[in-house]
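> The following block contains a protein sequence and its predicted model.
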Amino acid sequence: MEKENTAYETLFVVDLTPGEDAVKALVEKFTSLIAANGTVTEVNEWGKRRLAYPINDKNEGYYVLVKFTAPSDFPAELERVFHITDGIMRSIVVAPEV
């Protein structure tokens, strides 16, 4: 039996300190990871924004919102990869209400 895909959204904040190329590489890494395990429906790069509160003494980050569909076991793996990746300041994966 085939697994049913569910709609999800993830928002992650990338550290700007390593430079613009490193930011683009991380965005590409995660959009590729999501595409390999599901279907990306929308990538919305909000860009450089001021954080609501300092994280690791940094006041700005690069925000990216990705909407996708994937099997129900993938979001846990995505969150695990977010947590172990250097350069990701914050992340969240949610299944939006319909």
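Structure's in. What do you need? Numbering: from 1, shown residues only.
> Tell me which residues are up against the strand ranked longest in the chain.
Secondary structure of the chain read by DSSP state E shows that its longest strand is strand 39-55. Residues outside strand 39-55 that contact it (CB atoms under 8 Å, 6 or more residues apart in numbering): 5, 7, 13, 16, 27, 31, 34, 58-70, 89-90. For every residue, glycine as well, the C-beta is placed using N, CA and C.
> Pull out the buried residues from the residues you listed.
Among the contacts of strand 39-55, the ones that count as buried by 16 or more other CB atoms under 10 Å are 13, 16, 27, 31, 34, 60-64, 66-68, 70, 89.
> Looking at those, which is nearest P96?
K67 (8.3 Å; CB to CB).
> Give me the distance between that closest one and A52.
For K67, the distance to A52 (CB to CB, to the nearest Å) stands at 22 Å.
> next one: G38
Counting by CB to CB - G38 and A52 are separated by 29 Å.
> More neighbours: which of the two?
G38 (19 against 7; other CB atoms under 10 Å).
> For that one, which non-adjacent residue is closest in space?
Once flanking residues are discounted, G38 sits nearest to A70: 2.9 Å by CB to CB, 6 or more residues apart in numbering.
> Now for A35: which residues touch it?
F68.
> how about a cut-off of 10 Å?
Contact analysis of A35 by CB atoms under 10 Å, 6 or more residues apart in numbering lists V43, V66, F68, A70.
> gap between the second one and P54?
When you say that, I think you mean V66. 25 Å.
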